[in-house]
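> Here's my sequence, what's the structure:
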Amino acid sequence: MNIADIWGEKEHILFIIQIALFIVQVLSLFFLVLYVWKTWQMASSTKESAKASEKMIEEMKEARDQESAPYVVPFININKHMMFFGIKNIGKSVAKDIKIRVKPELMSSIFGDKIHDLPLIKNGLSSLPPGHELETMFDVSHIYLNRDDFPMSYLVKISYEGGLKKELRDYEQVLDLSVYKDLIPDEDMNLKDVVKSVEDLSNYDKKISEELQKLEENVARGIWIKNPDISISYAQLDYASWKLIAASKLRELKVILERMTSKSPYFYSFDIKNRIDSIIGQILVIASNYPLEADSKIGEDLNSFAFNVLEFSRSMSFLFDRRSEGFNKELSKYILNIDDLLKILI
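Numbering: from 1, shown residues only. Here you go, the predicted structure:
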């Protein structure tokens, strides 16, 4: 074998080696690209997993916050014709720094513009525990719902803090009063209705009056009975008996008025108001049936006094302004009037 053959064989071997190296490099490049691609996939999967974990953690925090957060909602409640505006925390933690905005502004036939100065509406509330509510009376239902110039719906916006998140929470709700408009009748009785009721009393059967004569004499002497609304006898009485019955009813009214002046300014009972109206009705009947030998001025004085007290007992001041100094002065005036009438009768 000569040198040329040997050299040719070497070149052939080198060529084969170069081809093998090229193939190895191509395969290395392929596997490198495959490795990079797989690594990128793994990194992307890890990133997505991290995002999913973060989202899951946020959802868990949100769920925990919703479960333990305070929820303050507004309401308007109607109870025995009294309308109350209030808020209630139906959540599971304390609501803090509560602010209330009402659009349009809350209106009242009783308080007028002073309704906006109520502490709950003007200043809000510093805190409200879970399950607790706070309300304030602002009107009478059959008066408010029959006013065409009063709004029938309010948009109430409430902001407060509390719960796991240390951020301000907002809640708004529409309070619709139109649903009550035809459900609550107008029970406002005026003075004409009262006079008509008193006149109807005078049409009671005289036979019933005679049967109750003996019982009425006992009542006149100061015996209290369970049902004090038994009718006064309308048969013509002698002057002495008439004065005795009139004085008895005046004393009974005086006891009630004196009790009201000594009670707490927050004390009020519809039973007491009804009792006063009943006694006044009886005094009006007594005054209209004064004996012929009696001075007509006594009957006129009793009538005038009874109508004044009746009008006062049906005034807004009597119903909602018991805390004022003027209320007690008014009661004291009627007590003095009773003393003057008793001096005439006794």
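
> isn't Leu284 right up against Asn303?
Yes: when contacts are counted by CB atoms under 8 Å, Leu284 is listed as touching Asn303 (6.5 Å). Placement of C-beta: from N, CA and C, glycine included.

> and these two? which has more neighbours close in?
A count of neighbours by other CB atoms under 10 Å puts Leu284 above the other of Leu284 and Asn303, at 24 against 16.

> does that one sit in a helix or strand, and which one?
helix 270-288 (DSSP states H and E).

> immediately after that helix, which helix or strand?
With elements assigned by DSSP H and E, the helix or strand that comes after helix 270-288 is helix 296-313.

> Now that following helix: buried residues?
Residues of helix 296-313 classed as buried: Ile298, Gly299, Asp301, Leu302, Asn303, Phe305, Ala306, Phe307, Val309, Leu310, Phe312, Ser313 (neighbour count, 16 or more other CB atoms under 10 Å).

> What are the contacting residues of that helix?
Helix 296-313 is contacted from outside by 191, 194, 246, 253, 273, 276-277, 280, 283-284, 286-288, 290, 318, 330, 334, 337-338, 341, 344-345, using CB atoms under 8 Å, 6 or more residues apart in numbering.

> Now do the helices in this protein.
Secondary structure of the chain (DSSP state H): helices at 3-68, 119-122, 141-144, 191-201, 206-211, 213-220, 239-262, 270-288, 296-313, 316-320, 325-345.

> average model confidence for stretch 14-23?
On average, the pLDDT along stretch 14-23 is 81.

> residue ranges with poor pLDDT in this protein?
By pLDDT under 70, the low-scoring segments of the chain are 1-8, 10, 182-237, 263-271, 316-317, 319-325.

> Might you report the residue contacts of Ser45?
Going by CB under 8 Å, 6+ apart, Ser45 touches no other residue.

> Equivalent analysis for the one 5 residues further on, please.
Contact criterion CB under 8 Å, 6+ apart gives no residues in contact with Ala50.

> now it: how far from Ile57?
Look at Ala50 and Ile57: by CB to CB, to the nearest Å, they are 11 Å apart.

> Can you get me a residue count around the closest residue to Leu120 other than its chain neighbours?
Sequence neighbours aside, Thr136 is the residue nearest to Leu120 in space, at 5.2 Å (criterion: CB to CB, 6 or more residues apart in numbering). Residues within reach of Thr136, counting by other CB under 10 Å, total 14.

> thought Thr136 was touching Ile87?
No: contact criterion CB under 8 Å: Thr136 and Ile87 do not qualify, at 10.0 Å.

> Between these two, which contacts overlap?
Leu120.

> Look up the residues forming beta bridges with the residue nearest the centre of the chain.
With distances taken as CA atoms, centre = their mean, Phe84 lies nearest the centre of the chain, 2.5 Å away. Phe84 forms beta bridges with Asn77, Met137, as assigned by DSSP bridges.

> Spit out the contact partners of it.
Taking CB under 8 Å, 6+ apart, one finds Ile76, Asn77, Ile78, Glu135, Thr136, Met137, Phe138 in contact with Phe84.

> how close does it get to Ser53?
49 Å.

> these two touch, right, Glu258 and Leu336?
No: contact criterion CB under 8 Å: Glu258 and Leu336 do not qualify, at 11.5 Å.

> Much appreciated, bye for now.
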